[in-house]
Structure formats: C-alpha cells, structure tokens
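# coordinates for the following, if possible.
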Amino acid sequence: MRLQHKLGIFTALFTTSMIFSQSSLAAEIQPADQQPVITADQQNEQVLNKDQKKEQLKKEEALKKEQAKKEKAIQKEFKSIDKQLLKIEQKINKYNHKFAKLDEDEDDDDDSSDDQEKKQQRQLNSEAGQTTPKTAIDEKPAASTEFNKSENEDAEKSDETNGSSEEGMLNDDEAEDQAEAEEDLAEELEEAVEEYNDYVGKFGELEKRLAAVELQLNRLAEAGADAAMIKERAGRIAELKMKLAASLEDLGRIQTSIMDKIKNDHEAEIKEEREEKLTTKEWVIKFNQKLDEKTLSELSIVVYDANNNLIETAMAYDANKQAIIVTPLQAYKTNSLYTLYIGNDISSQDGKKLKNSVKMSFWIK
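Here you go, the predicted structure:
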C-alpha cells in the first residue's frame, strides 16, 4: 500500500513534469509559427533605403574628392605665392647690393675728384709736357644675347598679372588650372622685370607683381584658406613693400646725385649725336693709354634715358686693346633717346686723368 502510494506520487510528479515540459515546448515553438509577414510595400521601402544610403555614400565621396581638389589648388596657389615672393625678394636684394656699390663709388669720387684738384692736376700735366688719356668711341656688333620679347607680350603679361577673379576660388577643374597658371607667374616674373632696361622700370614692375601677389592671397583668404598661412604671407608682403619703398628712395637719391653731377659738368666734351638701329648696341670706348683698373667703377661710364633714368649696363675693360666695352643688360627701346656719359675720374696707369669727361647722345630707331 505504501509502495503504491509512493508510485502514485512518482507517477503524478512525472505526469506533471511531462505536462510542464510539453507546455514549455509549445510555448517555445509557438512564436516561430507566428512571425510577422513583410508586405510588398515594406520590401520596396527597404530597397529604397538601401539605394538612398548608396546615393548618400556617393555624394559624400564626391564631396571629399571636391574638397581634396580644392585643397590641392589652394596649396598650389600658396606655392605660387611663395615662389613669386622669393623672386621679388631676390631682385630687391640684387639691386640693393648694386645701389650700395654705387654709393661706395660715389663716395670715392667725392673724396678724390674735387674740381679744383682736377684743374691743378691738368695744369701740372700741361706744364710738364705730359699728355692726358684720350678716348675714342667705336662701334661693336651686338652680343649674342637675344631679346625676343615684344611690347605686345609685355602688355599681355601685365594684364595676366594684374587680373583678378571676382568670384574667388573655383569649385571644379578650373580651380586647379587657375592655380597652375598662377604658379607659372613665378617663372614669368624674372623675365618681366629683366625686360626693363632702366632701374625705375624694373622697380615699377616689382611693385605691380607684388600687388598681384597680394590680390592672389586675398582670394585665398576669401576662399577660406588656412588663416595662419595667410597671415604669414601677408607679413612677408608687407615687409617687401617696405624694402621696395626704401630701395626706390635710394635709387632716387643716387640718380639725382649722378644727374646733378652730369648737369654741372660744363667742361664735358660733347660728341656728335648718333642714330642706331640695333637695340642691343654695344659701345667700345678706346683709350690712348692703359688704364688703372682701380679707378674704374660702376659710375665711370653710365647710360641714361630721356627721363634721366639710369640704364642697367655691364662694363668690361680689355687691357690689351685699351678699351672699355659698355653693354646694355636689356635691349634699348626703339624710337628712344639715350646718352652715354664717360666720367673724367678714369686714370691711366701712371696716374693721369682724362682731360675732359665725354657725353654722347644716340637714338635707337
């Protein structure tokens, strides 16, 4: 009886357990049989969402490429600006060095060439029966240097340099093309400056180029370029403006001093005016005695134009031929008047000075 009771309990428990297990199993299976059905509209919506995501990714990728292209164009413009500023600074330094040398030569002339002293020396030479050096101006073919830039090219180059875009940075391939074109300006700058044969013209071109670089920098600022990089280059431009202004002041002072000296040289020998067709005309000045090269300087022989602007020239002394060759570093302008001035501070090896300075004007037809 007791055993049966125990078995009954066991059976009941087992039955209960089975029922519970079956109930749990049914509970677990039931949700799988009742999953939600996706309608056609829902499927279309899912496909549409995927397409939108793909399109969004494409747009983001295109935007990244456009931004990269803009950044590349901006960096090219910064590179162009840096190259132009470097060349401008090099030119200013070159001419400042030359002006400093002219200042030295002018000071030496002032110390050693007092008018009364010259007269006394010439008088002594005359009494002693000594002859003073004499000059003869001969012609010489032009050097092999070619000057093949036309005035039209000058105008075109100036227009390109001074042109500016009112729309700021471009947003497509034109931005990169514009940056490359502006980078080429750095290569053109030196040629543009060297096409002027007078110092005033050279510095005028440097001023125009510096103004064009400043406009280029302003466009970059408007396009949202890096502020620190803009500020750095703006500082360089301001510094170069100050150096240019100081150089022009030095040039004006030197030219005024030289032209005053020439104007007041009433004893200068005036040679007959000549006409020349060659814009690269070289002058050969022959002397009847060998010269003391220590007495030769940048101011010994100068060429200036009708506006009294000094022309950049090179002077070479040939001791064997007892001659000085004066060469224009840039071509003379056609239909223009120039004057060659030979100072009388040039001395022979035995210390004799020229009796008179020499002045000769010439037209380039």
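
# going by C-alpha atoms from here, please, whenever you check contacts or count neighbours.
Fine.

# give me the low-pLDDT residue ranges for the chain?
1-38, 40-48, 51, 105-135, 138-186 (pLDDT under 70).

# next up, the contacts around the closest residue to residue 348 other than its chain neighbours.
Nearest residue to residue 348, sequence neighbours excluded (CA to CA, 6 or more residues apart in numbering): residue 291, at 4.0 Å. Residues in contact with residue 291 (CA atoms under 8 Å, 6 or more residues apart in numbering) are 319, 322, 346, 347, 348, 349.

# most surrounded residue in those residues?
Among the contacts of residue 291, residue 346 has the most neighbours (other CA atoms under 10 Å), with 23 neighbours.

# mind checking how far it is from residue 204?
Residue 346 sits 33 Å away from residue 204, going by CA to CA, to the nearest Å.

# before we move on, what about residue 90?
On the measure of CA to CA, residue 90 and residue 204 end up 15 Å apart.

# per-domain residue ranges of the protein.
62-115+149-263, 269-364 (automatic domain parsing).

# endpoints of the shortest one, how far apart?
I take that to be domain 269-364. 22 Å.

# and what of stretch 341-353?
16 Å.

# residue 81 reaches residue 212, doesn't it?
No. Contact criterion CA atoms under 8 Å: residue 81 and residue 212 do not qualify, at 9.7 Å.

# so for these two, which sits in the more crowded spot?
Neighbour totals were compared for residue 81 and residue 212, and residue 81 leads with 24 against 21 (other CA under 10 Å).

# any idea whether residue 314 is helix, strand or coil?
strand (DSSP: H, G, I helix; E, B strand; the rest coil).

# which parts of stretch 189-207 are buried?
Neighbour counts over stretch 189-207 (16 or more other CA atoms under 10 Å) mark 189-190, 192-203, 205-207 as buried.

# send me it as CSV with only the CA atoms.
The C-alpha trace of stretch 189-207 is given here as CSV (Å, rounded to 0.1, in the frame of the first residue of the first chain):
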residue,chain,number,x,y,z
LEU,A,189,58.3,87.4,-63.1
GLU,A,190,62.0,87.4,-63.6
GLU,A,191,61.6,87.7,-67.4
ALA,A,192,59.2,90.6,-67.0
VAL,A,193,61.5,92.5,-64.7
GLU,A,194,64.5,92.0,-66.9
GLU,A,195,62.8,93.3,-69.9
TYR,A,196,63.0,96.8,-68.5
ASN,A,197,66.4,98.4,-69.2
ASP,A,198,66.1,101.1,-66.6
TYR,A,199,66.0,100.7,-62.8
VAL,A,200,62.8,102.7,-62.4
GLY,A,201,61.0,100.4,-64.8
LYS,A,202,62.4,97.3,-63.0
PHE,A,203,61.1,98.5,-59.6
GLY,A,204,57.8,99.6,-61.1
GLU,A,205,57.3,96.0,-62.4
LEU,A,206,58.3,94.6,-59.0
GLU,A,207,55.6,96.8,-57.4
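
# which residues in the stretch 201-350 of the chain form strands?
269-270, 274-276, 282-287, 301-305, 313-318, 323-328, 336-342 (DSSP state E, counting those that start in this stretch).

# dump those strands to JSON lines, plus mean neighbour count and distance to residue 71.
Shown next, in JSON lines, are those (neighbours: other CA atoms under 10 Å; distance: least, CA to CA, whole Å):
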{"stretch": "strand 269-270", "mean neighbour count": "14", "distance to residue 71": "64"}
{"stretch": "strand 274-276", "mean neighbour count": "12", "distance to residue 71": "54"}
{"stretch": "strand 282-287", "mean neighbour count": "20", "distance to residue 71": "51"}
{"stretch": "strand 301-305", "mean neighbour count": "22", "distance to residue 71": "48"}
{"stretch": "strand 313-318", "mean neighbour count": "15", "distance to residue 71": "45"}
{"stretch": "strand 323-328", "mean neighbour count": "21", "distance to residue 71": "45"}
{"stretch": "strand 336-342", "mean neighbour count": "19", "distance to residue 71": "49"}
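
# export the ones you listed as CSV, with columns for distance to residue 244.
Below are the strands of the stretch 201-350 of the chain laid out as CSV (distance: least, CA to CA, whole Å):
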stretch, distance to residue 244
strand 269-270, 36
strand 274-276, 34
strand 282-287, 30
strand 301-305, 22
strand 313-318, 21
strand 323-328, 23
strand 336-342, 26
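
# and the helices in this structure?
Ranges of helices in the chain, per DSSP state H, are 2-33, 40-112, 115-127, 151-162, 173-194, 199-222, 227-263.

# could you check the angle strand 301-305 makes with the last one?
What it means is helix 227-263. Relative orientation of helix 227-263 and strand 301-305, computed by axes from the mean of the first three to the mean of the last three CA atoms, to 10 degrees: 110 degrees.

# how much does helix 227-263 deviate in direction from strand 336-342?
70 degrees.

# buried stuff in helix 227-263?
Those would be 230, 233-234, 237, 240-241, 243-244, 247-248, 250-251, 254-255, 258, 262, for helix 227-263 by 16+ other CA under 10 Å.

# thanks a lot, catch you later.
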